[in-house]
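Kindly generate the corresponding structure for this input.
(one chain, ligands or ions: 1)
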Amino acid sequence: MSEINKKIAIIGGTGLTSLENLEIVRREIAITPYGEPSSPLAYGCIKNGSSQATEVVFLARHGHAHNMPPHMVNYRANIRALKEAGVTSIIAVNAVGGIRDDMVPGSLVIPDQIIDYTTRRINTFFETNLSHVTHIDFSYPYSAELSQLIMDTAEKINIKLIKGGTYAATEGPRLETAAEVQRLKRDGCDIVGMTGMPEAALARELEIDYASICVNANWAAGLSDEPISMEAIEKTIEGSLAIVRQLIAAVIGNSA
Ligand code: HPA
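Numbers count the residues shown, from 1 in each chain. Alright, predicted model coming up:
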């Protein structure tokens, strides 16, 4: 087996509370100075059909029982726990509403920009007693290299992805109003979700490469005649998750 200098973590979002193709070797309840992460860290190897097994860490962002809404997630504990586990790269899976015309429910997007509309979340590790620079460069919030790896891998295995897009991070837990979505559109946002921030910024603060696979779960508010229901969102996500799992396994196989 080749030497592995990357350690990848997957942060699973709505619908992705476990990875069926992850052979778990141990689970660890991590304690951090910020409290407990959303779920125990599951360590294991992804079965991807190749002879090479790569160790990965899985964290369920909303807890295993999916009982932690986006605004209550302890993002700092999650990212700090992964850092302490030696993680160098995070692939996050985020459910979103589609704003741009091609962001149809069921499609997958690799975002390349973020606008943060959250208001009430603790969004930094940098507080008091600082001995080093605290202003991270966040011009490009996602790791271009990791995003490219995901896109190249998808191409190789014929998975269709939308490359690039601006992610609007909203506070939630309510969905947006139609007027808010129109404002997001005018701002240049292509998708809207509640979990992208501060996760991405916290990862950057701890120098962990971070990329996201966004699953378009619904048309954002006011963009379709259908009311937005959790049942419909969950059903759409469920339909896309098999592909997401396949993609993650292939990316991990490709990263070693
Ligand atoms: N808005 C915000 N977050 C979401 C949505 C949405 O329409 N769909 C899934 N997560």
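
And for residue 34, the neighbour number?
17 (other CB atoms under 10 Å). To be clear about C-beta, it is placed using only N, CA and C from the backbone, and glycine gets the same treatment.

my guess is it meets residue 77, correct?
Yes: Residue 34 is within contact range of residue 77, at 4.3 Å (criterion: CB atoms under 8 Å).

Pull the contacting residues for residue 98.
Contacts were defined as CB atoms under 8 Å, 6 or more residues apart in numbering; by that measure residue 98 touches 104, 105, 107, 190, 191, 216, 218, 219, 220, 223.

So which of the residues you listed are in helices?
Judged by DSSP state H, the subset of the contacts of residue 98 located in helices is empty.

and those near the ligand, which?
218, 220 (CB under 6 Å from any ligand atom).

Let me have the contacts of residue 98 in CSV, extended by pLDDT.
As requested, the contacts of residue 98 are arranged in CSV below (pLDDT from 0 to 100):
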residue, pLDDT
104, 98
105, 97
107, 98
190, 98
191, 98
216, 97
218, 97
219, 98
220, 98
223, 98
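
which of the contacts of residue 98 are buried?
105, 107, 190, 191, 216, 218, 219, 220, 223 (16 or more other CB atoms under 10 Å).

Which members of those occur in strands, if any?
191, 216, 218, 219 (DSSP state E).

nearest spatial neighbour of the first one, skipping sequence neighbours?
Take residue 191 and drop its neighbours on the chain: the residue closest to it by CB to CB, 6 or more residues apart in numbering is residue 96, 4.1 Å away.

Go ahead and confirm the one you found touches residue 213.
No: when contacts are counted by CB under 8 Å, residue 96 is not listed as touching residue 213 (10.3 Å).

what residues are shared contacts of the two?
By CB under 8 Å, 6+ apart, the residues touching both residue 96 and residue 213 are residue 109.

what residues are up against residue 213?
For residue 213, the contact set (CB under 8 Å, 6+ apart) comprises 91, 92, 93, 94, 108, 109, 110, 150, 244, 247, 248.

so it, which of the three states?
strand (DSSP: H, G, I helix; E, B strand; the rest coil).

Disregarding flanking residues, what is the spatial nearest neighbour of it?
Per CB to CB, 6+ apart, closest to residue 213 is residue 93, 5.2 Å.

pLDDT of stretch 24-32, averaged?
Average pLDDT, stretch 24-32: 92.

Kindly report the same for stretch 236-247.
Rounded mean pLDDT across stretch 236-247 is 94.

Using CSV, list the CA coordinates for it.
What follows is stretch 236-247, C-alpha atoms only, in CSV (Å, rounded to 0.1, in the frame of the first residue of the first chain):
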residue,chain,number,x,y,z
THR,A,236,-35.0,13.8,-3.4
ILE,A,237,-31.9,13.5,-1.2
GLU,A,238,-32.4,9.8,-0.8
GLY,A,239,-32.5,9.4,-4.5
SER,A,240,-29.2,11.1,-4.9
LEU,A,241,-27.3,9.6,-2.1
ALA,A,242,-26.4,6.3,-3.8
ILE,A,243,-24.5,8.4,-6.3
VAL,A,244,-22.9,10.5,-3.6
ARG,A,245,-21.7,7.4,-1.8
GLN,A,246,-20.3,6.0,-5.0
LEU,A,247,-18.5,9.3,-5.7
